[in-house]
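Q: sequence and predicted model, in that order:
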Amino acid sequence: MNPIIDHIQITVRDLSVAESFYDKLLPILGFDLNRKAKGRVAKHEFDVIEYMHPLLTIGFNSPREEFKDEIIHRRKPGALHHLAFKATSREEVDAVYLLIKETGAQIIESPKFFPQHGESYYALFFKDTEGIKYEVVYEERKNSDKE
């Protein structure tokens, strides 16, 4: 089996705020808004918005009522620490950085090398409107025969 992620579901506090933000962000990352779907999962009492791409579906869910006012923090057990999208080059990281700045994202680190992660690790880090952390990264990796 190849370790490829099929879909990711992230619970947000306010689905309408999330939708407004992700409608701007996800096309920058290669998603087509014509492939966006909305629905309700009645059995589990949540609404969902899914953005579909041939390689990945990312969905955003409404919270349970008792959790809607909780502060999102990436260091809570079970929380998403951050989600990284792979770029094809350093130039692509630089190009999407300029577009991501326009979405209202909070830029944590503008594009640069992060040698603590690898000698060719080039990335930018940002947070969405609720504080969920993302990364766009390019790293030249040596192919291994042991996959």
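A: Good, I have the coordinates.
Q: going forward, measure contacts between C-alpha atoms and count neighbours the same way
A: Noted.
Q: any stretches of the protein with poor pLDDT?
A: Within the chain, the segments meeting pLDDT under 70 span 143-147.
Q: residue boundaries of the helices in it?
A: When assigned using DSSP state H, the helices of the chain occupy the ranges 15-28, 90-101.
Q: next one: phi and psi at the nearest residue to Lys68 once chain neighbours are set aside?
A: Nearest in space to Lys68, with sequence neighbours left out and distances taken as CA to CA, 6 or more residues apart in numbering, is Arg13 at 5.2 Å. Note on Arg13: backbone dihedrals following degrees, to the nearest 10 are phi -80, psi -40.
Q: returning to that earlier point: how about the helices of the chain in CSV, adding mean neighbour count?
A: Converted to CSV, the helices of the chain look like this (neighbours: other CA atoms under 10 Å):
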stretch, mean neighbour count
helix 15-28, 16
helix 90-101, 16
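Q: can I get those in JSON lines with distance to Val136?
A: Supplementary listing: the helices of the chain in JSON lines, determined by distance: least, CA to CA, whole Å:
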{"stretch": "helix 15-28", "distance to Val136": "11"}
{"stretch": "helix 90-101", "distance to Val136": "6"}
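Q: what is the burial count for the residue nearest to Lys68?
A: Other residues near Arg13 come to 20 when the count uses other CA atoms under 10 Å.
Q: any idea how far it is from Ile132?
A: Relative to Ile132, Arg13 is positioned 11 Å away (criterion: CA to CA, to the nearest Å).
Q: over to Glu119?
A: In this structure, Glu119 and Ile132 are separated by 26 Å, where distance is defined by CA to CA.
Q: looking at the two, which has the bigger crowd around it?
A: In terms of neighbours (other CA under 10 Å), Ile132 is the more surrounded of Glu119 and Ile132; the figures are 20 against 12.
Q: quick one: contacts for the more buried one?
A: For Ile132, the set of contacting residues under the criterion of CA atoms under 8 Å, 6 or more residues apart in numbering consists of 72-74, 80-82.
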